[in-house]
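# quick one: sequence and predicted model below, then my questions.
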Amino acid sequence: MPDANDLEQVHQRLESLEIKASYTEDLLDQLNMTIYQQQQLIERLVEEIKTLRQQVPDGGSGSVRNLRDELPPHY
């Protein structure tokens, strides 16, 4: 038959595990929120890149431009 000391140790260990589980849940919630915010930022950046590519002449084809062709006419 377990004595009172053994029951107290079990109770302390159980309480310690409950505290650790609570902290783990909080950390998981924080990490999930961080991932969600990062995904939102990634989606905004992808949209911004799409918009910038549409603004580039030639549709952003990636062709190499010669800077001499872009000199103002007075040169």
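Yep, it's here.
# in the chain, which spans are helices?
All helices of the chain, identified by DSSP state H, fall at 4-55.
# center of it - which residue?
The central residue of the chain, meaning the one whose C-alpha is nearest the mean C-alpha position (Cα atoms, centre = their mean), is residue 38 at 3.0 Å.
# run a quick neighbour tally on residue 20.
When neighbours are defined as other Cβ atoms under 10 Å, residue 20 has 10 of them. All C-beta spots, glycine's among them, are computed from the backbone N, C-alpha and C.
# repeat for residue 15
Counted with other Cβ under 10 Å, the neighbours of residue 15 add up to 10.
# re earlier: how much space is there between the residue nearest to the centre of the chain and residue 55?
Distance from residue 38 to residue 55, counting by Cβ to Cβ, to the nearest Å: 26 Å.
# kindly report the same for residue 20.
According to Cβ to Cβ, residue 20 stands 52 Å off from residue 55.
# pLDDT weak spots in this structure?
For the chain, the stretches with pLDDT under 70 are 1, 58-65, 75.
# same thing but 80
Under the criterion of pLDDT under 80, the regions of the chain flagged as low confidence span 1-2, 57-75.
# keeping just the C-alphas, turn stretch 12-31 into PDB.
As requested, the backbone C-alpha atoms of stretch 12-31 are provided in PDB (Å, rounded to 0.1, in the frame of the first residue of the first chain):
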ATOM      1  CA  GLN A  12       4.000  17.000  -7.200                       C
ATOM      2  CA  ARG A  13       5.100  15.200 -10.400                       C
ATOM      3  CA  LEU A  14       1.600  15.400 -11.900                       C
ATOM      4  CA  GLU A  15       1.400  19.100 -11.000                       C
ATOM      5  CA  SER A  16       4.800  19.700 -12.600                       C
ATOM      6  CA  LEU A  17       3.700  18.000 -15.800                       C
ATOM      7  CA  GLU A  18       0.400  20.000 -15.900                       C
ATOM      8  CA  ILE A  19       2.500  23.200 -15.600                       C
ATOM      9  CA  LYS A  20       4.800  22.100 -18.400                       C
ATOM     10  CA  ALA A  21       1.800  21.200 -20.600                       C
ATOM     11  CA  SER A  22       0.300  24.600 -20.000                       C
ATOM     12  CA  TYR A  23       3.500  26.400 -21.000                       C
ATOM     13  CA  THR A  24       3.800  24.100 -24.100                       C
ATOM     14  CA  GLU A  25       0.300  24.900 -25.200                       C
ATOM     15  CA  ASP A  26       1.000  28.700 -24.800                       C
ATOM     16  CA  LEU A  27       4.200  28.300 -26.800                       C
ATOM     17  CA  LEU A  28       2.400  26.300 -29.500                       C
ATOM     18  CA  ASP A  29      -0.200  29.100 -29.800                       C
ATOM     19  CA  GLN A  30       2.500  31.700 -30.100                       C
ATOM     20  CA  LEU A  31       4.300  29.700 -32.800                       C
END
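# before I go, just wanted to say thanks for your time.
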